[in-house]
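Visitor: any chance you could fold what I've pasted below:
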Amino acid sequence: MVDLQAQQQELLEKINRTSKNSSSPPSSDLPSTEKRPEKKKTGKKRGGQPGHNSYLAPGNLNVNSLTRYSPPTNY
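Guide: Now for the predicted structure:
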């Protein structure tokens, strides 16, 4: 009877062992051991909100010349 209780206790400890309370790596944890908290809805849409300052990369629209480069035909 004592052996069964000791074995049961050992199995319970194995079940409750995670990477946070042992020296095992996080990849050995079961996938569903931790539940992520759900995000609260803010009511905003994704992306830039109305009234925000937009920052665009400066483009060079005044092109004076075009130079074409091609690799040499003989290596």
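
Visitor: center of the chain, which residue is that?
Guide: Arg36 (12.7 Å; CA atoms, centre = their mean).

Visitor: SS state for that residue?
Guide: Under DSSP: H, G, I helix; E, B strand; the rest coil, Arg36 falls in the coil class.

Visitor: quick check: Glu13 vs Pro71, distance?
Guide: Separation of Glu13 from Pro71 (CB to CB, to the nearest Å) stands at 66 Å. To be clear about C-beta, it is placed using only N, CA and C from the backbone, and glycine gets the same treatment.

Visitor: confidence score at Gly51?
Guide: The model reports Gly51 with a pLDDT of 90.

Visitor: can you get me a residue count around it?
Guide: 5 (other CB atoms under 10 Å).

Visitor: do a quick rundown of the helices in this protein.
Guide: 2-15 (DSSP state H).

Visitor: can you pull out the low-pLDDT segments for it?
Guide: Flagging of the chain using pLDDT under 70 yields the residue ranges 32-34, 75.

Visitor: run the last query once more with 80
Guide: Low-confidence segments of the chain (pLDDT under 80): 13-19, 28-36, 57-61, 63, 74-75.

Visitor: and the residue of it most remote from its centre, how far from Pro72?
Guide: Distance from the C-alpha centroid of the chain, by CA atoms, centre = their mean, peaks at Met1 (47.8 Å). For Met1, the distance to Pro72 equals 87 Å [CB to CB].

Visitor: circling back: can you pull the contacts of the residue nearest to the centre of the chain?
Guide: Not one residue lies near Arg36 by CB atoms under 8 Å, 6 or more residues apart in numbering.

Visitor: coming back round to it: pick out whichever of Glu13 and Pro71 has more residues nearby.
Guide: Neighbour count, other CB under 10 Å: between Glu13 and Pro71, Glu13 has more, with 11 against 5.
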